[in-house]
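Novice: please find the sequence and the predicted model below.
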Amino acid sequence: MTAESTTRRRTRLDRKFDKLRDAEEAGRLGKSKTSRAVRKMMENRLAVIGIVVFGIILLACVLAPLISPYDPLTTDLRAMTQPPSLAHLFGTDKLGRDVFTRTLYGGRLSILIGLGSALGAAVIGVLLGCYGGYKGGLFDKIVLRLSEIFMSFPQLILVMMLGTIFGRGLWNLIFIFILTGWGGVYRQARAKMLSLREEEYVQSMRAFGLSDMVIAYKHMLPNAVGPVVVNLTLSTAMFILDEAAMSFLGLGVPPEIATWGNILNAAQDLYVMQNYWWLWLPVGIVVSLFVISVNCIGDGLRDSTDPTQQG
């Protein structure tokens, strides 16, 4: 690259900055009504695509009775294992049930399990992490060691072990996910509180005699909620995949209830996977798209709420 071309490029850039400066001085730019974090989120194409895909799948699952005329539990032995057609968009399974309908209704429970478990784990982790990170002492040491016990095991293996102990069931699965997932949120909230408790405004409130609960939850927690929200989206995707894996292995929700994992459970043997691809491929694509969209939203939230990423 020659010095002349470099000088020309710099000159063009300088002219652009001069135009922006003149427009700002003249008051033509105006003030944006949206926050900087929202603008940063909307400028992230992957995050916007993730929001669109997430919204489409979620809306389709919520409006399942209006979209599909079939019942997810009604069997029709005359229409067993039919390939996709206009009557059955995703085909039918071994009992003649419409796979498209079961995918929509199954998404309701799978999203409920993933989002409900992530919210429950976030609430417990934030409550314990905020107070433990600010106050410290014996309480913080006990909870920290307890979280290390849960986090020392691989997530899926611990979930499978607890699933065999508590048995199958929707609420049992949510309880297991909350029990095994709060540790990561706790450590994240605790680390944030450890850095915030040395700030001047915290020292000032402590000097004025405010109670520890008020300082921790009313004044410090809003400044630490950004990373927790990002973790919430990523945990939702993780729990949805865990539910699919548990149901596929026969340890999740009872098989008669439609979930994404139970639909995939119908394609365990190689013969079914090769000859009846519509039993597992469409719902597999839906699960993949939903999880990828949630991860894209989480990455967008992380970039928009992280001060070091602000441009």
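Specialist: Done, it's in.

Novice: now for the nearest residue to I257 once chain neighbours are set aside, how many residues are close by?
Specialist: Sequence neighbours aside, L109 is the residue nearest to I257 in space, at 6.7 Å (criterion: C-beta to C-beta, 6 or more residues apart in numbering). Just so you know, the C-beta spots here come from the backbone N, C-alpha and C atoms, and that holds for glycine as well. Using other C-beta atoms under 10 Å, L109 is surrounded by 23 other residues.

Novice: over to the one 10 residues further on?
Specialist: Residue neighbour count, defined by other C-beta under 10 Å, stands at 15 for L119.

Novice: do the same with D299
Specialist: D299 sits with 17 neighbouring residues when counted by other C-beta under 10 Å.

Novice: where do the helices sit along the chain?
Specialist: Along the chain, the stretches classed as helices by DSSP state H are 3-26, 36-43, 45-62, 64-67, 99-135, 137-151, 155-166, 170-196, 200-207, 212-213, 221-248, 260-265, 270-275, 281-305.

Novice: tell me the most buried of those helices?
Specialist: Sort the helices of the chain by mean neighbour count, taking mean count of other C-beta atoms under 10 Å, and helix 260-265 sits at the top with a mean of 25.

Novice: per-residue confidence averaged over it?
Specialist: In this model, helix 260-265 carries a mean pLDDT of 83.

Novice: next one, pLDDT for F239 please.
Specialist: We have a pLDDT of 88 for F239.

Novice: now do the one 5 residues further on
Specialist: Per-residue confidence for A244 comes out at a pLDDT of 82.

Novice: ok, it touching L264?
Specialist: Yes: using C-beta atoms under 8 Å, A244 makes contact with L264 at a distance of 6.0 Å.

Novice: overlap of the contact sets of those two?
Specialist: Residues touching both A244 and L264 (C-beta atoms under 8 Å, 6 or more residues apart in numbering) are V287.

Novice: so which helix or strand of this protein has the lowest pLDDT on average?
Specialist: In the chain, no helix or strand scores lower on mean pLDDT, DSSP states H and E than helix 3-26, which sits at a mean of 62.

Novice: how far away is the residue nearest to I257 from Y131?
Specialist: 33 Å (C-beta to C-beta, to the nearest Å).

Novice: do G114 as well
Specialist: With distances taken as C-beta to C-beta, G114 is found 27 Å from Y131.

Novice: hmm, back to that, so who does the residue nearest to I257 touch?
Specialist: For L109, the contacting residues are 170, 253, 257-259, by C-beta under 8 Å, 6+ apart.

Novice: and the residues you listed, which two are the farthest apart?
Specialist: Largest separation among the contacts of L109 by C-beta to C-beta: L170 and A258, giving 11.7 Å.

Novice: okay, the nearest residue to Y131 once chain neighbours are set aside: pLDDT?
Specialist: Using C-beta to C-beta, 6+ apart and skipping the chain neighbours, the partner closest in space to Y131 is A216 (5.5 Å). On pLDDT, A216 comes in at 82.

Novice: need the pLDDT of the closest residue to Q82 other than its chain neighbours.
Specialist: Spatially, and ignoring its direct neighbours in sequence, Q82 is nearest to T92 (4.5 Å; C-beta to C-beta, 6+ apart). T92 carries a pLDDT value of 88.

Novice: what does T2 give?
Specialist: Value listed for T2 in the pLDDT field: 52.

Novice: same question, I174
Specialist: 90.

Novice: quick one: it and G116 touch, right?
Specialist: Yes: using C-beta under 8 Å, I174 is in contact with G116, at 5.4 Å.

Novice: how about low-confidence regions in the stretch 1-150 of the chain?
Specialist: Scanning the stretch 1-150 of the chain for pLDDT under 70 picks out the ranges 1-11, 13, 16-17, 20-37.
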